[in-house]
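[1] Please find the sequence and the predicted model below.
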Amino acid sequence: MINRAPIFVNGFQRGGTNILVNFITSHPHVCAVGETQKIFYGRHKEALYKQYIQRVSYLPIFLAARQHIFWPERFYERNKLPTLIKHYTDWVFYRNKLASPHNTYEDPHMVITKEELAQTRFLCKNVNGVVFASHVFADMYPDATFIGLIRNGFALCESFIRRGWTAERFGRMYETVCQRIIKDAAQLDNYHLVRFEDIITNPVASAQTIYSYLHLDITKVSKFRLQAKKSMTTNGKRKYAFGGNVDREVHWFPIDQLEQYIQKDVNKNQIARLRDTDKKVFLQYAHASMEKLGYLS
């Protein structure tokens with residue numbers, strides 16, 4: 001493979017993966033390439049012709065796998081890829097790494113050459129059903145590291161209900177994805193579980209632990225990047241913890257100041273807005289994972 005020691009972050013949409021990805025990509029030797037499904041299916045905000053180009057480039061993978069292997073709404077076992085298609089998929093990741101729009105640096109005047117960028121480890125985010133592709137990536141990259149981000153399902157349930165889901169639909173999805181993450185963490189080498197709650201309550205210790213999982217030297221990071229995103233406050237309104245009114249605007253903070261810019265009560269605020277009836281329905285489908293992950297104790 002062209003790429004070496006890639007990093008895959010597995011979790012839920014709107015589940016806190018953004019802060020984890022920013023922690024990791026603060027390191028100069030890591031390059032974010034975005035979400036897997038957007039790499040292969042295109043981004044909704046892109047011009048249509050770009051989306052079509054990406055979907056055409058995905059066609060060989062679809063035909064070889066005989067399934068939508070990187071689609072987040074498909075919750076089934078993924079087929080392994082033939083050797084030739086593995087190398088093709090690796091090349092697509094490599095191409096996206098060299099052209100990634102996600103990378104900014106603490107020094108805005110910093111210039112990184114294509115040769116230097118080529119040597120970085122790419123980080124890709126797998127959300128919802130794409131977590132089922134971990135075995136495919138482990139087969140492609142024996143040196144890959146996987147980080148499974150888990151989070152209290154009640155908080156996530158509020159977020160999804162606010163966006164039109166039912167408690168039953170999200171409960172089924174939460175249980176399916178969590179069980180897969182738990183199973184893969186037990187079966188795959190270099191697969192580590194990280195709690196969202198640990199990141200927001202103790203970001204410094206969490207960053208140190210995550211970097212140790214990834215064999216990254218944290219001393220090479222003088223500042224950590226965060227992106228401005230709205231989160232739930234105690235009065236039910238959503239606002240930015242830092243920055244102005246530009247969503248996903250990148251800011252850099254010294255590691256000892258991270259706690260000042262991360263909202264610690266976001267879970268509590270979201271759970272407070274979840275109706276008891278929705279909690280009960282959610283638990284009818286997600287009780288096993290919530291109990292296994294310690295969110296019911």
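    Right, received. Where do you want to start?
[2] which stretches of the stretch 1-150 of the chain form helices?
    Counting by DSSP state H, counting those that start in this stretch, the stretch 1-150 of the chain has helices at residues 17-24, 36-41, 48-65, 83-98, 114-118, 134-140.
[3] how about these in a markdown table, adding mean pLDDT?
    Below are the helices of the stretch 1-150 of the chain laid out as a markdown table (pLDDT from 0 to 100):
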| stretch | mean pLDDT |
| --- | --- |
| helix 17-24 | 94 |
| helix 36-41 | 90 |
| helix 48-65 | 83 |
| helix 83-98 | 95 |
| helix 114-118 | 84 |
| helix 134-140 | 97 |
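[4] right, and those - which one's nearest residue 249?
    Residue 249 sits nearest to helix 17-24 of all the helices of the stretch 1-150 of the chain, at 11.8 Å, using CB to CB. In short, each C-beta sits where N, CA and C put it, glycine included.
[5] May I have that closest one exported as PDB, CA atoms only?
    Provided in PDB are the C-alpha atoms of helix 17-24 (Å, rounded to 0.1, in the frame of the first residue of the first chain):
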ATOM      1  CA  THR A  17     -16.000  12.900  16.500                       C
ATOM      2  CA  ASN A  18     -15.100  16.400  15.400                       C
ATOM      3  CA  ILE A  19     -13.300  17.300  18.600                       C
ATOM      4  CA  LEU A  20     -11.400  13.900  18.500                       C
ATOM      5  CA  VAL A  21     -10.300  14.400  14.900                       C
ATOM      6  CA  ASN A  22      -9.100  17.900  15.700                       C
ATOM      7  CA  PHE A  23      -7.100  16.700  18.600                       C
ATOM      8  CA  ILE A  24      -5.300  14.100  16.500                       C
END
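[6] hang on, the earlier thing: Serialize the helices of the stretch 1-150 of the chain to CSV and add fields for mean neighbour count and distance to residue 280.
    Shown next, in CSV, are the helices of the stretch 1-150 of the chain (neighbours: other CB atoms under 10 Å; distance: least, CB to CB, whole Å):
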stretch, mean neighbour count, distance to residue 280
helix 17-24, 21, 27
helix 36-41, 22, 32
helix 48-65, 14, 39
helix 83-98, 16, 42
helix 114-118, 11, 50
helix 134-140, 19, 32
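[7] Ok, which of these comes nearest residue 169?
    Residue 169 sits nearest to helix 36-41 of all the helices of the stretch 1-150 of the chain, at 19.1 Å, using CB to CB.
[8] which stretch among the helices of the stretch 1-150 of the chain comes nearest residue 256?
    Among the helices of the stretch 1-150 of the chain, if distance is taken as CB to CB, the winner is helix 17-24, at 14.5 Å.
[9] Now do the strands in this structure.
    Taking DSSP state E, the strands of the chain run over residues 7-11, 30-35, 121-127, 145-150, 191-195, 223-227, 230-232, 238-240, 250-254.
[10] For those strands, give me JSON lines that also has mean pLDDT and distance to residue 62.
    What follows is these, written out as JSON lines (pLDDT from 0 to 100; distance: least, CB to CB, whole Å):
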{"stretch": "strand 7-11", "mean pLDDT": "98", "distance to residue 62": "20"}
{"stretch": "strand 30-35", "mean pLDDT": "93", "distance to residue 62": "17"}
{"stretch": "strand 121-127", "mean pLDDT": "97", "distance to residue 62": "17"}
{"stretch": "strand 145-150", "mean pLDDT": "98", "distance to residue 62": "23"}
{"stretch": "strand 191-195", "mean pLDDT": "98", "distance to residue 62": "26"}
{"stretch": "strand 223-227", "mean pLDDT": "87", "distance to residue 62": "31"}
{"stretch": "strand 230-232", "mean pLDDT": "64", "distance to residue 62": "35"}
{"stretch": "strand 238-240", "mean pLDDT": "62", "distance to residue 62": "37"}
{"stretch": "strand 250-254", "mean pLDDT": "85", "distance to residue 62": "34"}
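[11] If anything else comes up later, I'll come back, but that's it for now.
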